[in-house]
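# Got a sequence here, can you model it:
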Amino acid sequence: MLFDPSHPREKPCGGGITGRALALAEDMVDPRSMDAVAIRSARFMTRAHLDQKRHCRRDVAVPLDGHGLVVSSRNQFDGALLAAAVRAGAVHERARAVDVSVGEDGVTITTTRSRHRADFVIGADGPNSLVRRRVTHVFRRDQLSIATGFFADGVTGDEIVIELVSDPPGYIWSFPRPDHLAIGICAPADSGIPAGSLRRTVAEWTERTGIARGATLRPYSWPIPSLARPDLEALAVAGPRWCLVGDAAGLVDPISREGIFFALASGQWAAESLATGDPTEHYSARVRDEALAELAHAARLQAGFFRPQFTDLIACALAESAAIRRVMADLIAGRQRYATLKWRLLGTLEFGLAWRSLLAAR
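Next comes the predicted model:
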């Protein structure tokens, strides 16, 4: 049984779905039926900090193959997933869960309409998860990022635009959805920078780049789990009669803040684990082996990734090297893992200096 009062609905989310995420959902979701935008390129912008003797381009487009990344309305994408669950036999109760109690003999779920008993509960209810609050602890402020910006109505395209920034450390993005752009920035929730100030930064960037000229801007904000390496190593994702998936579990890339792939993957692992007779241990092991190691690699690199000395070098490398552009395209599509990123980059001689800069900046 699935308890949710509002889905499918639009979400304040970039909506980028990587090729590896689409592969997990290919039996349930057809991007062609969702008016999803197939991204042809990713444009990286930078403000020069390098010595002026180096004449690097300030922006460079990384070609994508049209299958590595699509951007979809979450209303359509989530609607397709929900419809697939109902076709498979799930009962959808359109009611909000207001309490969850997990005991030795079962789970009690109380909604705004009724009360239910179950053998097992899966918390797929996001960073503010009710299930998480009942079975473990809420995310601390330093374990969250705030994403905020604007939906720019009436403007779209087939290129994502990214500018890496150091203050706050992260990036500004523009993702084209079918009938608007999702433009935003992400910052650590404990940075002390109010959401309004972040949105002003986005508004100034939008004006400077001219990316949404004439569009109507609608503001949005939402929290994203952004766990450091020690947090990931100590992460509890399951216990007797419960498990957490996706954002509720904290399974989000600390660098890109992309969470759709691990939401889909962890949902699959939870389903498969329920058939083993020992879902708690089996699911915990799957998450540990197939997600946490990858996310820990990303967390190790995150501190240096947005430093000016690294972002400037990566901008030059992207402009000058086709090999580096291929690496970045695979990273965007989810085909390149962080665990092997170092060796692939070092294999391109142009990037040795940038990699050493990244490690030195950690």
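
# Which of the helices or strands spans Arg117?
In this assignment (DSSP states H and E), Arg117 forms part of strand 115-118.

# Identify all contacting residues around stretch 216-234.
11-13, 127-128, 139, 142-154, 184, 186, 188-189, 195, 199, 203, 206, 235, 247, 250-252, 254, 257, 259, 292, 295-296, 299-300 (Cβ atoms under 8 Å, 6 or more residues apart in numbering). For glycine as for every other residue, the C-beta is placed from the backbone atoms N, C-alpha and C.

# pull the CA atoms of that stretch into CSV?
These are the backbone C-alpha positions of stretch 216-234, laid out as CSV (Å, rounded to 0.1, in the frame of the first residue of the first chain):
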residue,chain,number,x,y,z
THR,A,216,8.1,35.1,-15.8
LEU,A,217,10.1,33.9,-12.8
ARG,A,218,8.5,31.8,-10.1
PRO,A,219,10.6,31.2,-7.0
TYR,A,220,11.1,27.8,-5.4
SER,A,221,13.2,26.2,-2.6
TRP,A,222,13.7,22.7,-1.3
PRO,A,223,16.2,20.9,1.1
ILE,A,224,18.6,18.2,-0.2
PRO,A,225,20.6,15.8,2.0
SER,A,226,24.3,16.4,1.5
LEU,A,227,26.2,14.1,3.7
ALA,A,228,29.9,14.2,4.5
ARG,A,229,32.1,11.1,4.4
PRO,A,230,31.8,10.4,8.2
ASP,A,231,28.0,10.7,8.0
LEU,A,232,27.9,8.3,5.1
GLU,A,233,30.1,5.8,6.9
ALA,A,234,27.7,5.9,9.9
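
# From Arg241, how far out is Leu2?
17 Å (Cβ to Cβ, to the nearest Å).

# Quick check: the residue minimising distance to the centre of the chain vs Pro63, distance?
The residue lying closest to the centre of the chain (Cα atoms, centre = their mean) is Glu258, at 1.5 Å. With distances taken as Cβ to Cβ, Glu258 is found 20 Å from Pro63.

# thinking again about what came up before, the residue nearest to the centre of the chain reaches Gly246, doesn't it?
No. At 11.6 Å, Glu258 does not count as touching Gly246 under the criterion of Cβ atoms under 8 Å.

# Sheet-wise, list the partners of the strand holding Arg117 with their directions.
strand 106-111 (antiparallel) (DSSP bridges).

# what sits up against the strand it pairs with?
3, 93, 95-101, 115-121, 241-242.

# Do you have the helices of the protein handy? List them.
19-24, 74-87, 130-135, 195-209, 229-233, 246-249, 260-274, 279-287, 293-305, 308-320, 322-333, 341-346, 352-361 (DSSP state H).

# Out of those helices, which gets nearest to Asp59?
Asp59 lies closest to helix 308-320 among those, at 7.9 Å (Cβ to Cβ).

# Using CSV, write down the CA coordinates of that closest one.
C-alpha atoms of helix 308-320 as CSV (Å, rounded to 0.1, in the frame of the first residue of the first chain):
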residue,chain,number,x,y,z
PRO,A,308,38.5,28.7,-7.8
GLN,A,309,41.9,27.1,-8.6
PHE,A,310,40.2,23.9,-9.6
THR,A,311,37.2,25.4,-11.4
ASP,A,312,39.4,27.6,-13.6
LEU,A,313,41.7,24.7,-14.5
ILE,A,314,38.7,22.4,-15.3
ALA,A,315,37.3,25.2,-17.5
CYS,A,316,40.6,25.4,-19.4
ALA,A,317,40.9,21.6,-19.7
LEU,A,318,37.3,21.3,-21.1
ALA,A,319,38.0,24.0,-23.7
GLU,A,320,41.3,22.5,-24.8
